[in-house]
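Novice: structure, please.
(3 chains, ligands or ions: 1)
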Amino acid sequence: MFSFMDVPGSHEKETEMSSNTFGQEKILRDELKRLRKENETLKVMVEVIGSKCSILETHLRESHCPPYHHDSNKRARLEEFPFTKSSKICVKVDEEDKSLVVRDGYQWRKYGQKVTKDNPSPRAYYRCSMAPGCPVKKKVQRSAEDRTLLVATYEGLHNHGTVDVPNRDRLPLHSDQSPRGQLVNRDLTLMPTMSPSSIQPPIALDLSLSRSSFPQDPKPSYLSKNLSFGNRSSDCTKIEEYAASLVRDPKFTEALALTVARTLNN
DNA sequence: CGCATTTGACCCGCGC
DNA sequence: GCGCGGGTCAAATGCG
Ligand SMILES: [Zn+2]
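Specialist: The predicted structure is shown next:
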């Protein structure tokens, strides 16, 4: 199957060395396809990580500076973590004028849309559809003042993990080596809805992030891949640049460190 | 044909 | 009780 995607430099001498150039061209085209796919995957990953990063950010902010009055300890404690059960978190996800489908690693089914009193933009209601009986809902609405921001309100705890990102060429080996040692996440994710408030950790997002985005050793794989591609690809520099900026971002590293620490604590 | 989205109807709590 | 505002249902519609 041929397409019009021209590969530079292979136009003139097509008659001779045809097989060789054909082979090279095919190889290059395959590589290009693979790179495109990988790029798409990375883009999705970046989106997911970004949204989860903002989730963690808001969570961190809420837990760091509560309206701390020296009133009474019990009241303060109780009000400090009101989201252990319902986990109501607002997340800012920037988006221009696309549809309200925010990619955060889960799969949502829209079930309603209403206009609200003080916001001209409508509010969309989603339900998590990755697992049957998952009670998680979320509301997405544009911010009233800044039209480019989306405010998502998550509510509930997932009873499953996220295997959303098109990770196909991953972990051929390293299957379940230690099923009951530290894989509490697995057990938790497979657990149906039973007494969520007792066992579930404060947020299910941590588990999802640790599982979906970083299966095992996260950074080395990315960096090595980028470096290996860096010899001949030009897009890789952008990716590397972006990754570098992401790593340079203190917020991101902070949230990442927090997440890793919490994951290790489990 | 099997899905997800759309969209008006419906429900329910709350303040008057 | 009534109106209102937010949340959900479900029939209709769209889409691959
Ligand atoms: Zn879910």
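Novice: give the buried residues for stretch A:42-58.
Specialist: A:42, A:45-57 (16 or more other C-beta atoms under 10 Å). Any C-beta I mention is one placed from the backbone N, CA and C, and that applies to glycine too.
Novice: could you do stretch A:114-129 as well?
Specialist: A:121, A:123-126, A:128.
Novice: what subset of those is also close to DNA strand C?
Specialist: A:123, A:125 (C-beta under 7 Å from any atom of the strand).
Novice: of the buried residues of stretch A:114-129, which are in range of the ion?
Specialist: By C-beta under 5 Å from the ion, the members of those lying near the ion are residue A:128.
Novice: mind checking which of the buried residues of stretch A:114-129 land in strands?
Specialist: A:123-126, A:128 (DSSP state E).
Novice: ok, of those residues, which one's closest to residue A:112?
Specialist: Nearest to residue A:112, judged by C-beta to C-beta, of these is residue A:125 at 3.9 Å.
Novice: what count of nearby residues applies to the closest residue to that closest one other than its chain neighbours?
Specialist: Closest residue to residue A:125 apart from its sequence neighbours, by C-beta to C-beta, 6 or more residues apart in numbering: residue A:112 at 3.9 Å. For residue A:112, the count of nearby residues is 12 (other C-beta atoms under 10 Å).
Novice: nearest to the ion among the ones in strands among the buried residues of stretch A:114-129?
Specialist: Each of these was scored against the ion by C-beta to the ion, and residue A:128 proved nearest at 3.2 Å.
Novice: my guess is the closest one contacts residue A:107, does it?
Specialist: Yes: using C-beta atoms under 8 Å, residue A:128 is in contact with residue A:107, at 7.0 Å.
Novice: next one: residue A:157 from DNA strand C, what distance?
Specialist: Here the criterion is C-beta to the nearest atom of the strand, to the nearest Å. By it, residue A:157 lies 15 Å from DNA strand C.
Novice: run a quick neighbour tally on the closest residue to DNA strand B within the stretch 1-150 of chain A.
Specialist: The stretch 1-150 of chain A approaches DNA strand B most closely through residue A:113 (3.5 Å), counting by C-beta to the nearest atom of the strand. A total of 14 residues lie near residue A:113 under the criterion other C-beta under 10 Å.
Novice: picking that back up, CSV for the ones in strands among the buried residues of stretch A:114-129, including distance to residue A:141 and pLDDT?
Specialist: Formatted as CSV, these follow (distance: C-beta to C-beta, whole Å; pLDDT from 0 to 100):
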residue, distance to residue A:141, pLDDT
A:123, 4, 93
A:124, 7, 93
A:125, 10, 94
A:126, 11, 94
A:128, 18, 92
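Novice: residues from the stretch 1-150 of chain A in reach of DNA strand C?
Specialist: Residues of the stretch 1-150 of chain A found near DNA strand C (C-beta under 7 Å from any atom of the strand) are A:111-118, A:123, A:125, A:137, A:139.
Novice: repeat that for 10 Å
Specialist: Taking C-beta under 10 Å from any atom of the strand as the contact definition, the stretch 1-150 of chain A meets DNA strand C at A:88, A:109-119, A:123-127, A:135, A:137-139, A:141.
Novice: which ones are touching residue A:127?
Specialist: A:108-109, A:111, A:134, A:136-137 (C-beta atoms under 8 Å, 6 or more residues apart in numbering).
Novice: for the residue of the stretch 151-266 of chain A found nearest the ion, grab the count of nearby residues.
Specialist: Distance from the ion to each residue of the stretch 151-266 of chain A (C-beta to the ion) is smallest for residue A:158, at 3.7 Å. Each residue near residue A:158 was counted by other C-beta under 10 Å, and the total is 25.
Novice: wait, isn't residue A:44 in contact with residue A:50?
Specialist: No: assessed by C-beta under 8 Å, residue A:44 is found out of contact with residue A:50, at 10.6 Å.
Novice: you'd agree residue A:140 is up against residue A:149?
Specialist: No: in this structure, residue A:140 is not within contact of residue A:149 by C-beta under 8 Å, at 10.9 Å.
Novice: these two: which is more packed in?
Specialist: residue A:140 (24 against 15).
Novice: what is the more buried one paired to in the beta sheet?
Specialist: residue A:124, residue A:152 (DSSP bridges).
Novice: give me the pLDDT for it.
Specialist: You'll see residue A:140 listed with a pLDDT of 90.
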